[in-house]
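*Asks:* structural data only, the sequence is not supplied:
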């Protein structure tokens, strides 16, 4: 670990407290000048410090830099489970983490980024990922599941995100089948799970669960084509201090718990309770865009996370997420 990373870890662990340059230098076995240089480097990365002669440096509570050390502060007993990496800019956290998985990255590796240039959602649709106002990360999992059960990772993640949003915003988030988290009638989070299969066993070799949360509205607002459907957790209001690290920690700790109970569908009751689809009139969209939208009433979601619907002619069907998209009416 470099001097800069070591200093960052110390200051994150003692956020809001003063640490003297001499104390840090002695603890790390480096010179005071090395400590000073590390502080200057961290400031260029967006960290904000209070500096008082005779007392040292204090990382401000309102600092909102996304860092492995910052996320670790909010992981509680799961702190040693996840290995968090943060990059400034990537094409897509799913794409990069998939490459890392192929190179042997361990389960529970987390890759977060300040900005994605090619963020993706379902059906390869673009996911708008501006810098500073969102949280974008992917988690590498190696579950003992069949390919069809990969959907449970997505639905469990949706519940984890919704609960984390509740915890930080004080408002209750809903879930639109199958993978979108909603607040005040607008999408605030998308989740994309991509699995690699073991051709011999037919099971999953690994799964990458990508999560993108809009925390605040971009300063220039969302693009025109998204403004009617996309929102953020805090809108134009100032978010809580350290919101990106806190949100990441809240989501990851909940996801870990649901992952442990995946075989029992531990997420299911909360997933259906939060549904913004059940009992609603919807338009069912063919994912290939071949068939015209078809009106229906969403009746229920079963324990395999299939959607039960009734069409206008009275007939009923059971749908999987791979064949249909849902639009609320």
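*Replies:* On my side now, so go ahead. None of these values were measured; they are calculated from a predicted model.

*Asks:* and the helices in the stretch 51-200 of the chain?
*Replies:* If DSSP state H, counting those that start in this stretch is used as the criterion, the helices of the stretch 51-200 of the chain fall at 68-72, 93-102, 150-169.

*Asks:* how about the ones you listed in a markdown table, adding mean pLDDT, mean neighbour count and distance to residue 14?
*Replies:* For the C-beta atoms, the positions are set from N, CA and C on the backbone; glycine is no exception. Output for the helices of the stretch 51-200 of the chain, formatted as a markdown table (pLDDT from 0 to 100; neighbours: other C-beta atoms under 10 Å; distance: least, C-beta to C-beta, whole Å):
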| stretch | mean pLDDT | mean neighbour count | distance to residue 14 |
| --- | --- | --- | --- |
| helix 68-72 | 92 | 22 | 11 |
| helix 93-102 | 95 | 19 | 29 |
| helix 150-169 | 96 | 23 | 23 |
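
*Asks:* quick one: which of those helices is nearest residue 83?
*Replies:* Residue 83 lies closest, by C-beta to C-beta, to one member of these: helix 68-72, at 8.2 Å.

*Asks:* re earlier: which of the helices of the stretch 51-200 of the chain sits closest to residue 37?
*Replies:* With C-beta to C-beta, the closest approach to residue 37 among the helices of the stretch 51-200 of the chain belongs to helix 68-72: 18.4 Å.

*Asks:* how about the helices of the stretch 51-200 of the chain in TSV, adding distance to residue 235?
*Replies:* Compiled in TSV, those are given as follows (distance: least, C-beta to C-beta, whole Å):
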stretch	distance to residue 235
helix 68-72	23
helix 93-102	24
helix 150-169	10
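
*Asks:* got the contact list for residue 140?
*Replies:* Counting by C-beta atoms under 8 Å, 6 or more residues apart in numbering, residue 140 touches 97, 100-101, 105-111, 206-208.

*Asks:* again, only this time at 10 Å
*Replies:* With contact set as C-beta atoms under 10 Å, 6 or more residues apart in numbering, residue 140 has these partners: 82-83, 94, 97-98, 100-101, 105-111, 206-209.

*Asks:* those in strands, which ones?
*Replies:* Of the contacts of residue 140, the ones assigned to strands by DSSP state E are 83, 109-111, 206-209.

*Asks:* buried ones among those residues?
*Replies:* For those, a burial check counting by 16 or more other C-beta atoms under 10 Å picks out 109-111, 206-209.

*Asks:* where is pLDDT lowest across the residues you listed?
*Replies:* Least confident by pLDDT among those: that is residue 206, with 90.

*Asks:* do I have it right that that residue meets residue 144?
*Replies:* No. Judged on C-beta atoms under 10 Å, residue 206 makes no contact with residue 144 at a distance of 11.3 Å.

*Asks:* and the nearest residue to residue 140 once chain neighbours are set aside, how far from residue 102?
*Replies:* Excluding the flanking residues, the one nearest residue 140 by C-beta to C-beta, 6 or more residues apart in numbering is residue 109, at 4.4 Å. Per C-beta to C-beta, to the nearest Å, residue 109 is found 12 Å from residue 102.

*Asks:* same check, this time on residue 253
*Replies:* Distance of residue 253 to residue 102, computed by C-beta to C-beta: 27 Å.

*Asks:* repeat for residue 212
*Replies:* 22 Å.

*Asks:* again, but for residue 301
*Replies:* Per C-beta to C-beta, residue 301 is found 34 Å from residue 102.

*Asks:* for residue 67, same thing?
*Replies:* From residue 67 across to residue 102, the span is 26 Å (C-beta to C-beta).

*Asks:* ok, residue 173 next?
*Replies:* In terms of C-beta to C-beta, residue 173 sits 34 Å off from residue 102.

*Asks:* cool, and residue 221?
*Replies:* Using C-beta to C-beta, one obtains 38 Å as the distance from residue 221 to residue 102.

*Asks:* report the outermost residue of this structure with respect to its centre.
*Replies:* Within the chain, residue 54 marks the point farthest from the mean C-alpha position, 40.5 Å out by C-alpha atoms, centre = their mean.

*Asks:* check whether that one really touches residue 20, as I assumed.
*Replies:* Yes. Under the contact definition of C-beta under 10 Å, residue 54 touches residue 20, with a separation of 7.9 Å.

*Asks:* how long is stretch 95-110 from one end to the other?
*Replies:* Using C-alpha to C-alpha, to the nearest Å, the end-to-end distance of stretch 95-110 comes to 13 Å.

*Asks:* what sits opposite residue 296 in the beta ladder?
*Replies:* Residue 296 forms beta bridges with residue 282, residue 311, as assigned by DSSP bridges.

*Asks:* thought residue 278 was touching residue 300?
*Replies:* Yes. Checked against C-beta under 10 Å, the pair residue 278 and residue 300 is within contact range at 6.2 Å.

*Asks:* thanks again, I'm all set now.
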